[in-house]
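Asks: Sequence first, then the predicted structure, then my questions.
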Amino acid sequence: QVQLAESGGGLVQAGGSLRLSCAASGRTFSRYNMGWYRQAPGKEREFVAAINWTGESIYYANSVRGRFTISRDNAQNTVYLQMNSLKPEDTAVYYCAANYGSPLYNQRGYEYWGQGTQVTVSS
């Protein structure tokens, strides 16, 4: 069982930066692949970024590549999402999720989800 708790969301102006954190409970965090997803009002939840359990494989959505960076600290049971050059279209609730052995980009493979943190980017 893995419990996830996101933090770091907030209101920022376009062009600004935020760093999201996702703290995980459980002794086996280091064996889980981790992902970030987001859901804007009226839209489906979409993939943002993912990192495998070793940190060696990383994927980004085209819309965030070059602006967002995912990383993990297995000693701290935490995964991060550094978001730079934020745009109004990045406004959404951001969720972190964990999967054990499933493809990084397959939303249905993620077994555990956090409650989400709101990111609002003003123009």
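Replies: That came in fine, so what should we check first? Computed from a predicted model, the values in this text were never measured in an experiment.
Asks: So residue 38 sits against residue 61, correct?
Replies: No: counting by CB atoms under 8 Å, residue 61 is not a contact partner of residue 38; they are 9.1 Å apart. In this view, the C-beta of every residue, glycine as well, is placed from N, C-alpha and C.
Asks: Looking at the two, which is more packed in?
Replies: Ranked by neighbour count (other CB atoms under 10 Å), residue 38 and residue 61 place residue 38 first, with 23 against 16.
Asks: so what's the residue lying closest to that one once chain neighbours are set aside bridging to?
Replies: In this structure, residue 38 finds its nearest non-sequential neighbour in residue 92, 3.8 Å apart by CB to CB, 6 or more residues apart in numbering. Here residue 92 sits in beta bridges with residue 119, as judged by DSSP bridges.
Asks: so what's residue 92 up against?
Replies: Applying CB atoms under 8 Å, 6 or more residues apart in numbering to residue 92 gives the contacts 38, 39, 40, 43, 119.
Asks: and which of these is nearest residue 55?
Replies: Using CB to CB, residue 38 is the member of the contacts of residue 92 that sits closest to residue 55, with 21.5 Å.
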